[in-house]
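S.K.: Please find the sequence and the predicted model below.
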Amino acid sequence: MTKFGELISIDKPVLIDFYSDLDDVESSVETLRDVAAALGDKAKVIKIDINKNEVLADALRVKGNPTFMIYKNGEMKWRQTGFQDANTLIGLVQQYV
């Protein structure tokens, strides 16, 4: 979890998509690509497989997937479980740029 702490401690927003291989991964990847392209270097966009990171998912109480979180300076700013479209995610992240 040290790596996770380093990841979220930066001074730009970090959008994290906690997902499972059982999800519709293809549309999720496409959505995150659109978000990352729109935000450029103003934010970081990351996918974390909850099956490969069970300890982290449990620590963050990720029960449903996908679960999206936005962190900035190590602090969780927003969290939502369920599919989000690219425009919604872009708008949310831009609030913290």
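M.R.: Right, received. Where do you want to start?
S.K.: can you give me the helices in the protein?
M.R.: 2-8, 25-39, 54-59, 86-94 (DSSP state H).
S.K.: Between the two ends of stretch 6-15, what distance do you get?
M.R.: 14 Å (Cα to Cα, to the nearest Å).
S.K.: in that stretch, what's buried?
M.R.: For stretch 6-15, burial by neighbour count (16 or more other Cβ atoms under 10 Å) applies to 7-8, 13-15. Backbone N, C-alpha and C define where each C-beta goes, glycine included.
S.K.: pLDDT of that stretch, averaged?
M.R.: Mean pLDDT, stretch 6-15: 95.
S.K.: Please apply the same query to stretch 37-45.
M.R.: Per-residue scores along stretch 37-45 average to 96.
S.K.: where does it sit relative to the chain's centre, distance-wise?
M.R.: In terms of Cα atoms, centre = their mean, to the nearest Å, the centre of stretch 37-45 is found 12 Å from the chain centre.
S.K.: Ranked by average pLDDT, which of the helices of the chain falls at the bottom?
M.R.: Among the helices of the chain, helix 25-39 has the lowest mean pLDDT, at a mean of 85.
S.K.: wait, which of the helices of the chain is closest to Lys47?
M.R.: Lys47 lies closest to helix 25-39 among the helices of the chain, at 6.3 Å (Cβ to Cβ).
S.K.: Highest mean neighbour count out of the helices of the chain?
M.R.: With neighbours taken as mean count of other Cβ atoms under 10 Å, those reach their highest mean count in helix 86-94, at a mean of 17.
S.K.: residues making contact with it?
M.R.: Contacts of helix 86-94 with the rest of the structure, by Cβ atoms under 8 Å, 6 or more residues apart in numbering, involve 13, 15, 31-32, 34-35, 38-39, 42-43, 68, 70, 78, 84.
S.K.: now the angle from that helix to helix 25-39?
M.R.: In terms of direction (axes from the mean of the first three to the mean of the last three Cα atoms, to 10 degrees), helix 86-94 departs from helix 25-39 by 50 degrees.
S.K.: re earlier: Asn51: which of the buried residues of stretch 6-15 is nearest?
M.R.: Closest approach between those and Asn51, by Cβ to Cβ: Leu7, at 18.7 Å.
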